[in-house]
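Chemist: the sequence and its predicted three-dimensional model are supplied below.
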Amino acid sequence: MLTKILPANEATIERILRVVIGLGVLSLVFVGPKSNWGLLGIIPLFTGAIGSCPIYTLFGLSTAGKK
């Protein structure tokens, strides 16, 4: 059932980029300007970690390729 809600729809390189970008944005909470806007980094970090983007699912998109 979980695969219907959150299907794997991200390519490996995209997942890696999302995690790196998410960690970079999240680091703004602790270093640099120390802004709470850095908490937005949780979104790409989470979607990259699970390999599924809810917006892609909503629009029927996938970068993962064919299975």
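Modeler: Perfect, I can see it now.

Chemist: which parts of the helix or strand hosting Ile16 are buried?
Modeler: Using DSSP states H and E, Ile16 sits in helix 12-26. Neighbour counts over helix 12-26 (16 or more other Cβ atoms under 10 Å) mark Glu14, Arg15, Arg18, Val19, Gly22, Val25, Leu26 as buried. For glycine as for every other residue, the C-beta is placed from the backbone atoms N, C-alpha and C.

Chemist: contacts for the very next helix or strand once past that helix?
Modeler: Using DSSP H and E, the helix or strand that follows helix 12-26 towards the C-terminus is helix 42-50. By Cβ atoms under 8 Å, 6 or more residues apart in numbering, the list of residues contacting helix 42-50 from outside reads 6, 10, 14-19, 21-23, 25-26, 53-54.

Chemist: run the chain-centre distance for helix 42-50.
Modeler: 3 Å (Cα atoms, centre = their mean, to the nearest Å).

Chemist: may I see the buried residues of that helix?
Modeler: Neighbour-count burial for helix 42-50 [16+ other Cβ under 10 Å]: Ile43, Pro44, Leu45, Thr47, Gly48.

Chemist: export those to CSV and tack on pLDDT?
Modeler: Below are the buried residues of helix 42-50 laid out as CSV (pLDDT from 0 to 100):
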residue, pLDDT
Ile43, 97
Pro44, 98
Leu45, 98
Thr47, 97
Gly48, 97
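
Chemist: from those, which is closest to Leu61?
Modeler: Thr47 (12.9 Å; Cβ to Cβ).

Chemist: and the contacts of helix 42-50, which is closest to Ala64?
Modeler: Relative to Ala64, and with distances defined as Cβ to Cβ, the nearest of the contacts of helix 42-50 is Glu10, at 5.9 Å.

Chemist: and the pLDDT for the closest one?
Modeler: Looking at Glu10, its pLDDT stands at 96.

Chemist: quick one: contacts for it?
Modeler: With Cβ under 8 Å, 6+ apart, Glu10 has these contacts: Arg18, Thr47, Gly48, Gly51, Ser52, Cys53, Tyr56, Ser62, Thr63, Ala64.

Chemist: just the buried residues from the residues you listed, in PyMOL please.
Modeler: To isolate the buried members of the contacts of Glu10 in PyMOL, using 16+ other Cβ under 10 Å:
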select buried, resi 18+47+48+51+52+53+56+62+64
